[in-house]
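[1] This is the structure alone, sequence omitted:
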């Protein structure tokens, strides 16, 4: 297996080429979760993978609770399927909470403060009373809980990690919070071993071929758990050695023998890059800084390789896409124009 074969399978398994899912919720169930601190970009990450999807349609699904948004896996927001949010929080939340504990101490946030704030938040959100962060601040302030910007964020994150709250429907462009117990259907609890097996299966089936180091970066699991997860999925996963490393993927994954050339405009933090610790298969190390390590800037991907960055501006209700290529990289102008037109159509605009 070489880098070209690795990237081809990743494009297929991430449903970028071709898109298999017909609904955003189906994609999310396949992917498990999608990084979403850049909300608009995360919607486009879904748009690239779900045929004929639109920004407005994904917004409707989000407001309806078909896609939830919370802190999970790592200390950042992700879109998560309602049926997966509970066990994923139970599996990965404790490690994030442990990471945050030192920051809480530096900020003077005690366990007692966190308990009190969760009581206030739970009472305020009860009976589907969706509230914005701004609306929650005076309620905590009244309870004599410090709510300056950074401390408020930690109180809300801790409530998310405990499975108390998650995203509610947006109010205009403002995000709201909801009680998770009211927003997501009750799901059976699973033990940690089954959760490890499930997240291992999700990752390598949807993002493979990938290494155990990639999976550790993405999931936050330790190597003992990862080895256990691979063992529990021995009938589903296989591996191939490349560059002296084992790359794991689904036994059902079959690369297309003659893939068509493809140009994609991916958002910042897209799973095509952020799901892997080692991005050398899609981006040459000499371009890491220039290309924002493939994750901090929207990127142009040609035949699986990151070859530049892109930006957009709106001029008279039309979306204009501009590209900035990396040294010694080329694109096909017509292919870029088609990708830009697809993006504009996703937004309900012309190009």
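    Happy to help now that I have it. Because the structure is predicted, anything quoted here is derived from the model rather than measured.
[2] CA atoms for contacts and neighbours, from now on please.
    Noted.
[3] what about this structure, any weak spots by pLDDT?
    Applying pLDDT under 70 to the chain flags residues 257-258.
[4] show me where it has helices.
    Taking DSSP state H, the helices of the chain run over residues 3-13, 24-31, 39-47, 55-63, 82-107, 111-125, 133-142, 149-161, 180-183, 192-207, 212-219, 223-232, 271-274, 333-346.
[5] Which one, of those helices, ends up nearest to residue 246?
    Closest to residue 246 of these, according to CA to CA: helix 212-219, at 7.9 Å.
[6] if we can go back for a sec, dump the helices of the chain into CSV; add distance to residue 297 as well.
    Listed next are the helices of the chain as CSV, based on distance: least, CA to CA, whole Å:
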stretch, distance to residue 297
helix 3-13, 19
helix 24-31, 22
helix 39-47, 10
helix 55-63, 20
helix 82-107, 25
helix 111-125, 35
helix 133-142, 27
helix 149-161, 24
helix 180-183, 32
helix 192-207, 20
helix 212-219, 19
helix 223-232, 30
helix 271-274, 11
helix 333-346, 16
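[7] Serialize these to CSV and add fields for mean neighbour count.
    Shown next, in CSV, are the helices of the chain (neighbours: other CA atoms under 10 Å):
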stretch, mean neighbour count
helix 3-13, 20
helix 24-31, 20
helix 39-47, 21
helix 55-63, 17
helix 82-107, 18
helix 111-125, 17
helix 133-142, 15
helix 149-161, 19
helix 180-183, 19
helix 192-207, 21
helix 212-219, 20
helix 223-232, 16
helix 271-274, 22
helix 333-346, 18
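[8] do you know which of those lies nearest residue 325?
    Of all the helices of the chain, helix 333-346 sits nearest to residue 325, with 11.8 Å by CA to CA.
[9] angle of the closest one against helix 39-47?
    110 degrees (axes from the mean of the first three to the mean of the last three CA atoms, to 10 degrees).
[10] Helix 55-63 and helix 333-346, what's the angle between them?
    Using the same axes, to 10 degrees: helix 333-346 against helix 55-63 is 50 degrees.
[11] who does helix 333-346 touch, helix- and strand-wise?
    helix 39-47, strand 263-266, strand 318-325 (3 or more CA pairs under 8 Å, 6 or more residues apart in numbering; DSSP states H and E).
[12] was I right about residue 291 contacting residue 310?
    No - Residue 291 is beyond contact range of residue 310, at 10.4 Å (criterion: CA atoms under 8 Å).
[13] between the helices of the chain, which gets nearest to residue 260?
    Judged by CA to CA, the one of the helices of the chain that comes nearest to residue 260 is helix 3-13, at 10.4 Å.
[14] one step back: tell me which of the helices of the chain lies nearest to residue 263.
    Nearest of these to residue 263, taken as CA to CA: helix 333-346 at 6.0 Å.
[15] which ones are touching residue 38?
    Going by CA atoms under 8 Å, 6 or more residues apart in numbering, residue 38 touches 268-269.
[16] ok, now how distant is it from residue 278?
    To residue 278, residue 38 is 22 Å away according to CA to CA, to the nearest Å.
[17] can you check residue 193 too?
    Distance of residue 193 to residue 278, given as CA to CA: 27 Å.
[18] which of residue 291 and residue 310 has more neighbours?
    Remark: of residue 291 and residue 310, residue 291 carries more neighbours, 24 against 17, as counted by other CA atoms under 10 Å.
[19] neighbouring contacts of stretch 205-221?
    6, 9-10, 13-14, 30-31, 73-74, 92, 95, 200, 203-204, 222-223, 226, 237, 239, 245-250, 253, 272, 274-278.
[20] and this structure, what are its domains?
    66-183, 263-346 (automatic domain parsing).
[21] okay if I get those as CSV plus distance to residue 189?
    Supplementary listing: the domains of the chain in CSV, determined by distance: least, CA to CA, whole Å:
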stretch, distance to residue 189
domain 66-183, 7
domain 263-346, 26
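[22] Ok, which of those domains comes nearest residue 231?
    Using CA to CA, the domains of the chain put domain 66-183 closest to residue 231, at 18.1 Å.
[23] what's the span of that closest one, first residue to last?
    One end of domain 66-183 to the other measures 9 Å (CA to CA).
[24] picking up where we left off before, now render the helices and strands packed on helix 333-346 as a markdown table, adding distance to residue 147.
    As requested, the helices and strands packed on helix 333-346 are exported to a markdown table (distance: least, CA to CA, whole Å):
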| stretch | distance to residue 147 |
| --- | --- |
| helix 39-47 | 24 |
| strand 263-266 | 36 |
| strand 318-325 | 39 |
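[25] among those, which is nearest residue 82?
    helix 39-47 (16.2 Å).
[26] and the closest one, how far out from the chain's middle?
    Put simply, helix 39-47 sits 9 Å off its chain's centre (CA atoms, centre = their mean, to the nearest Å).
[27] which residues are contacting that helix?
    So helix 39-47 is contacted by 24, 27, 34-36, 53-55, 58, 266-271, 343, 346 (CA under 8 Å, 6+ apart).
[28] got the angle between the biggest strand by length in the chain and helix 3-13?
    With secondary structure taken from DSSP state E, the chain has its longest strand at strand 305-315. For strand 305-315 against helix 3-13, the angle by the same axes, to 10 degrees is 50 degrees.
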